[in-house]
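> pasting the structure only:
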């Protein structure tokens, strides 16, 4: 009796499990797959599926993934996209792509299928590019792990385009992730370039059969993929900014005209724009030194910082000089301390307006059409930046760019590239420090998030590096795009000549000039500072107290001078915006596992 109860219990449990397993209205008696692999990584596939329906059904459907998450036993992985063409099937009802899957429906919408029915399916499967480094591979799910029914028998035939190492052939059989197989469950034979085999046990629901063959490098012919087109497009687009620079941005040679003094009737901030082509915070700082050299200001350096004193009211004719005097002192005030200047929003806003006025000098030193073509270069840089968007669509998110996960973040680096480029050529380059930091944060952080989440980013390094190189080259052309006109070249020649004199003059020569004009250092220092040659001048007079600038009170040497200049530079910066805060048995897997390759999928009844 006890034995009978145990047998009955086992029968009931087995019956329940079988019915649970056969959730579908059919079982597959025989599943035959024939694959003819081509040298260009395409496969002609023929499937014959013999099914036994356990309930009324019109037919079956077959789903084949187009987006494949390739996973290997060594831990490497990538996402690849397939193309399926030339689809034909017996009793084909419909075929359509949904959610990165090709859905093929076979049967008859008006009549139920007989209990035993055979369906055939043919299609061409393009695996795309091989992303395995230093090798090729054939990695395919002969039977996918998405069939929700049992498969009694599987027959397969795989013909490769040329010879291969038979020891590199491996199979995996079981549920998704299983590596290897039990040799009693699978039999196969290799004859020439063809592998034929069959299973000797049922495949339970969600069990599959996968083959992986490691092949020598260049076994398959290289195909031009979307990555190649992105690289080619980026390079071609980069040619345009280079051509624009060569035709409308490359300056004609400039001959320095050596002179002992800075150009007449120009202050140091104006000289900066004529020299660099843009006004910066350093130019504003030099203008303070310049006004001091003209007797309007005095700078006192002490242990707690510096103080700028007004010596007399401004009586000159240049609006930017008067504006800076107004920016330094409020109403009747005649002094401003280092702390007051560094924390003054009013001073920062004044400096902003002064720099905008100074940048108007660009209009008469650069050719007008050169500035226009500079804006055109921004368009090409933006288009190259958009190539990063297409690069990411090759990654983990396919073409569901704005709906899947956080892939929409690609918008941020593209916007950052555009705004950074515009800032480079606008008259607001004084904000470039802020814009650069903002661009790195606004565009850089989302980029890191995106590319570290993309499973196949390793295979896309050539595209990524090419894109970045093209953007850098284009930006360099953009920066150097404004071409100087005749007047601009003449002014630059004078400035370069003066700079060269200060660079190469030895101490005795400078001392001789100072003896001729005791105020030489006081008058020249603002210009030497803006031309980055002040140190040579300061070193000459460090031990001569009588030669130091008369408008400077305190110890005068390189360190003290540059400390004051650095502080004033910081004070001139634009105000910051408010913050917001298990393995199978002993069968060789070939380095793959069940369900880890191309193709596969599953199906069901309808």
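That came through fine. All values reported here derive from a predicted model rather than from experimental measurement.
> three-state assignment of residue 339?
Three states are possible here, and by DSSP: H, G, I helix; E, B strand; the rest coil the one that applies to residue 339 is helix.
> could you count how many residues lie near it?
In terms of burial, residue 339 registers 12 neighbours under the definition other CB atoms under 10 Å. Using the backbone N, CA and C atoms, a C-beta is placed for each residue, glycine as well.
> same check, this time on residue 507
Here the number of neighbours of residue 507 (other CB under 10 Å) works out to 11.
> please name the nearest non-neighbouring residue to it.
Closest residue to residue 507 in three dimensions, ignoring its sequence neighbours and counting by CB to CB, 6 or more residues apart in numbering: residue 540, at 5.0 Å.
> burial measure for that neighbour, as a count.
The burial count for residue 540: 20, using other CB under 10 Å.
> return the distance of the host helix or strand of it from the chain's centre.
Per DSSP states H and E: residue 540 is located in helix 534-541. With CA atoms, centre = their mean, to the nearest Å as the basis, helix 534-541 stands 45 Å off its chain's centre.
> list the neighbouring strands of the following helix or strand past that helix plus their orientation.
Moving toward the C-terminus from helix 534-541, the next helix or strand (DSSP H and E) is strand 552-553. Strand pairing for strand 552-553, using DSSP bridges, gives strand 297-302 (parallel).
> buried stuff in the partner strand?
By neighbour count on 16 or more other CB atoms under 10 Å, the buried set for strand 297-302 is 297-299, 301.
> for whatever helix or strand comes next after it, packing partners?
Helices and strands here follow DSSP H and E; after strand 297-302, the next one along the chain is strand 305-310. In terms of contacts (3 or more CB pairs under 8 Å, 6 or more residues apart in numbering; DSSP states H and E), strand 305-310 is packed against strand 297-302, helix 319-328, strand 335-337, helix 338-342, helix 558-572.
> possible to save those as CSV with distance to residue 133 and mean pLDDT?
Formatted as CSV, the helices and strands packed on strand 305-310 follow (distance: least, CB to CB, whole Å; pLDDT from 0 to 100):
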stretch, distance to residue 133, mean pLDDT
strand 297-302, 61, 88
helix 319-328, 60, 91
strand 335-337, 63, 89
helix 338-342, 54, 87
helix 558-572, 49, 82
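> quick check: the residue nearest to residue 507 touching residue 510?
Yes. Proximity of residue 540 to residue 510 meets the contact threshold set by CB atoms under 8 Å, at 4.7 Å.
> tell me how far residue 240 lies from residue 231.
16 Å (CB to CB, to the nearest Å).
> likewise residue 485?
Following CB to CB, the distance that separates residue 485 from residue 231 is 38 Å.
> let me see the contact set for residue 323.
Listed by CB atoms under 8 Å, 6 or more residues apart in numbering, the contact set of residue 323 reads 350, 353-354, 357.
> which among these count as buried?
The neighbour-count criterion (16+ other CB under 10 Å) marks 350, 354 among the contacts of residue 323 as buried.
> save the contacts of residue 323 as TSV, and put in secondary structure, distance to residue 363 and pLDDT too.
What follows is the contacts of residue 323, written out as TSV (DSSP: H, G, I helix; E, B strand; the rest coil; distance: CB to CB, whole Å; pLDDT from 0 to 100):
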residue	secondary structure	distance to residue 363	pLDDT
350	helix	22	87
353	helix	17	89
354	helix	17	90
357	helix	12	89
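> okay, now the unreliable bits of the stretch 501-606 of the chain?
Scanning the stretch 501-606 of the chain for pLDDT under 70 picks out 574-600.
> for the helix or strand containing residue 140, which strands pair with it and how are they oriented?
Element membership for residue 140, per DSSP H and E: strand 136-143. Looking at strand 136-143 with DSSP bridges, its partner strands are strand 207-215 (antiparallel), strand 598-599 (parallel).
> where among those strands is average confidence lowest?
Between the strands paired with strand 136-143, the one with the least mean pLDDT is strand 598-599; it has a mean of 66.
> packing partners for the next helix or strand after that strand?
Reading on from strand 598-599 to the C-terminus, the next helix or strand found by DSSP H and E is strand 602-605. With contacts taken as 3+ CB pairs under 8 Å, 6+ apart, strand 602-605 sits against strand 59-65, strand 146-147.
> and whichever helix or strand comes after the last one, how far out from the chain's middle?
Using DSSP H and E, the helix or strand that follows strand 146-147 in sequence is strand 151-159. Averaging C-alpha positions (CA atoms, centre = their mean) puts strand 151-159 44 Å from its chain's average.
> next structured bit after strand 151-159?
Scanning the chain past strand 151-159 towards its C-terminal end, the next helix or strand to appear is strand 169-175 (assignment: DSSP H and E).
> what is the rounded mean pLDDT of the helix or strand that that next one is followed by?
Next helix or strand after strand 169-175 toward the C-terminus (DSSP H and E): strand 186-191. Computed over strand 186-191, the mean pLDDT rounds to 93.
> again, but for stretch 477-484
Computed over stretch 477-484, the mean pLDDT rounds to 75.
> how long is it from one end to the other?
With CA to CA, to the nearest Å as the measure, stretch 477-484 spans 15 Å from end to end.
> got the buried residues for stretch 155-167?
When burial is assessed from 16+ other CB under 10 Å, stretch 155-167 yields the following buried residues: 156-160, 164.
> now residue 181: phi and psi?
Main-chain dihedrals, residue 181, degrees, to the nearest 10: phi -160, psi 160.
> you'd agree it is up against residue 154?
No. With the criterion set as CB under 8 Å, residue 181 and residue 154 do not qualify as a contacting pair; they are 12.0 Å apart.
> please work out which of the helices and strands packed on strand 305-310 is packed deepest.
When neighbours are counted by mean count of other CB atoms under 10 Å, the highest per-stretch mean among those falls to helix 319-328, a mean of 19.
> for residue 132, what are its contacts?
Taking CB under 8 Å, 6+ apart as the criterion, residue 132 is in contact with residue 76.
> do the same with residue 152
With contacts taken as CB under 8 Å, 6+ apart, residue 152 has the following neighbours: 27-30, 202.
> pipe the residues you listed into TSV and attach distance to residue 604 per row.
TSV is the format used below for the contacts of residue 152 (distance: CB to CB, whole Å):
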residue	distance to residue 604
27	12
28	11
29	16
30	18
202	18
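> most widely separated two among those residues?
The most widely separated members of these, counting by CB to CB, are 30 and 202 (11.9 Å).
> run through the neighbouring helices and strands of the helix holding residue 540.
The helices and strands touching helix 534-541, judged by 3+ CB pairs under 8 Å, 6+ apart, are helix 486-504, helix 507-516, helix 520-530, helix 558-572.
> closest one to residue 218 among those?
The closest approach between residue 218 and any of the helices and strands packed on helix 534-541, judged by CB to CB, belongs to helix 486-504 at 54.4 Å.
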